[in-house]
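**Student:** Output the structure for:
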Amino acid sequence: MDDLTNVERAIELLQKLGLKEYEAKCFVALSQLPSGTAKQISEISEVPRTRVYDAVRVLETKGLVEIQHSNPQRFRAVPIEEAAETLRSEYESRTDSLRETLRGIDSATVDDDVDVSHEVWALSGHAAIATRATQLIDEAEREVVLIVGTEETLTDQLTGRLESAQDRGVDVIVGTVSEALQEEVRGTLPNAEAFVSGLDWLRPAMSGDETEITRLLLVDRSTILVSTAHRPDGTESAPEQAVFGRGFDNGLVTIVRRLMATGLFPLGDSDGVESDPDAS
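**Tutor:** As a prediction, this is how the structure comes out:
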């Protein structure tokens, strides 16, 4: 855990959602009061009183603050759930607009002769890796093999995408490193084939090894995503890291596919996997 207080954390999150520093501080101050004057907001938020008025008016235009035109004026924050929903809607609107704008940008032409079959890419951050994993599952046409290394990896979003894949006729195979996690998978994905894998190398191999494999995803036997997290002394992890590769002949995909074949009975032996004519 970090050393931020709830107030500091709330201000930080509001800034990430698009509010400026003084706006975030004023809103958090108002969330601590039934209502307040500019002077009271300034005292709690440590925002200069002359800047409180500007910040509050911006918050009003965003639908986050109400103003009572008394003397002196009083302000109050809208209910927390309403504020969160307003910010979520605005964030999603901006995201949708960004998506359409980026799609409308013409592609640049460069001389870049790359052998895609040997590409390996790195990703960082739990959110980015989780998003990539769900996108790969959405692309699956025949088979998804997922090894879950930690309970935190098995999110509602992930299980929902796996269920959608099954509805499309995709075979879903889920391996875990413990019987407890296997039972959880069976509870959330009753139609998937769930079992405790024989991949002992998923666990830390030696004393002092503080890196754990959080997920290992193989889609249609030709696309691989492997993610890890560093957890010193079992405490909160550093940002999650991952490597990603495509192509049946990709070196990373081949190595991981063969390693998985030694511990996952649904994949059969490694020779059978390599000779699969539909996987190329």
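
**Student:** what residues does stretch 81-96 touch?
**Tutor:** 14, 17-18, 27, 31, 62-64, 77-78 (CB atoms under 8 Å, 6 or more residues apart in numbering). No exception for glycine: its C-beta is placed from N, CA and C like everyone else's.

**Student:** For these, pick the one with the most neighbours.
**Tutor:** Top of the contacts of stretch 81-96 by neighbour number is Phe27, holding 27 neighbours under the definition other CB atoms under 10 Å.

**Student:** I'd guess that one is in a strand, am I close?
**Tutor:** No: using DSSP: H, G, I helix; E, B strand; the rest coil, the assignment for Phe27 is helix, not a strand.

**Student:** how close does it sit to Glu43?
**Tutor:** Computed as CB to CB, to the nearest Å, the Phe27 to Glu43 distance reads 15 Å.

**Student:** from the contacts of stretch 81-96, which single one is nearest Glu183?
**Tutor:** Distances from Glu183 to these, taken as CB to CB, are shortest for Leu17 (37.5 Å).

**Student:** Where do the helices of the stretch 151-280 of the chain begin and end?
**Tutor:** 156-167, 179-188, 251-261, 270-274 (DSSP state H, counting those that start in this stretch).

**Student:** Output the ones you listed in CSV, with mean pLDDT and mean neighbour count appended to each entry.
**Tutor:** Listed next are those as CSV, based on pLDDT from 0 to 100; neighbours: other CB atoms under 10 Å:
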stretch, mean pLDDT, mean neighbour count
helix 156-167, 91, 16
helix 179-188, 84, 15
helix 251-261, 75, 18
helix 270-274, 39, 13
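
**Student:** For Thr211, find the nearest of these.
**Tutor:** Going by CB to CB, the one of the helices of the stretch 151-280 of the chain nearest Thr211 is helix 251-261, 16.5 Å.

**Student:** What residues does the closest residue to Glu141 other than its chain neighbours make contact with?
**Tutor:** Closest residue in space to Glu141, ignoring its immediate chain neighbours: Asp220 at 5.8 Å, by CB to CB, 6 or more residues apart in numbering. Neighbour list for Asp220: 140-143, 279 [criterion: CB under 8 Å, 6+ apart].

**Student:** again, but for Leu146
**Tutor:** Per CB under 8 Å, 6+ apart, neighbours of Leu146: 137, 162, 172-175, 215-218.

**Student:** What about these, which one has the most neighbours?
**Tutor:** Gly175 (27 neighbours).

**Student:** doesn't Val148 make contact with it?
**Tutor:** Yes: assessed by CB atoms under 8 Å, Gly175 is found in contact with Val148 at 7.2 Å.

**Student:** same question for stretch 122-134, mean pLDDT?
**Tutor:** The average of the pLDDT scores along stretch 122-134 is 89.

**Student:** Provide the count of other residues in contact range of the closest residue to Leu33 other than its chain neighbours.
**Tutor:** Using CB to CB, 6+ apart and skipping the chain neighbours, the partner closest in space to Leu33 is Gln40 (6.7 Å). Gln40 has 19 neighbours, counted by other CB under 10 Å.

**Student:** Name the next helix or strand downstream of the helix or strand Ala133 falls within, please.
**Tutor:** Here Ala133, judged by DSSP states H and E, is contained in helix 126-139. Past helix 126-139, further along toward the C-terminus, the next helix or strand under DSSP H and E is strand 143-148.

**Student:** ok, what's across the strand from Val226?
**Tutor:** Val226 forms beta bridges with Leu216, Val243, as assigned by DSSP bridges.

**Student:** Ignore what I typed, I meant Val196.
**Tutor:** Thr176.

**Student:** quick one: low-confidence parts of the chain?
**Tutor:** 1-3, 110-118, 198-210, 231-238, 260-280 (pLDDT under 70).
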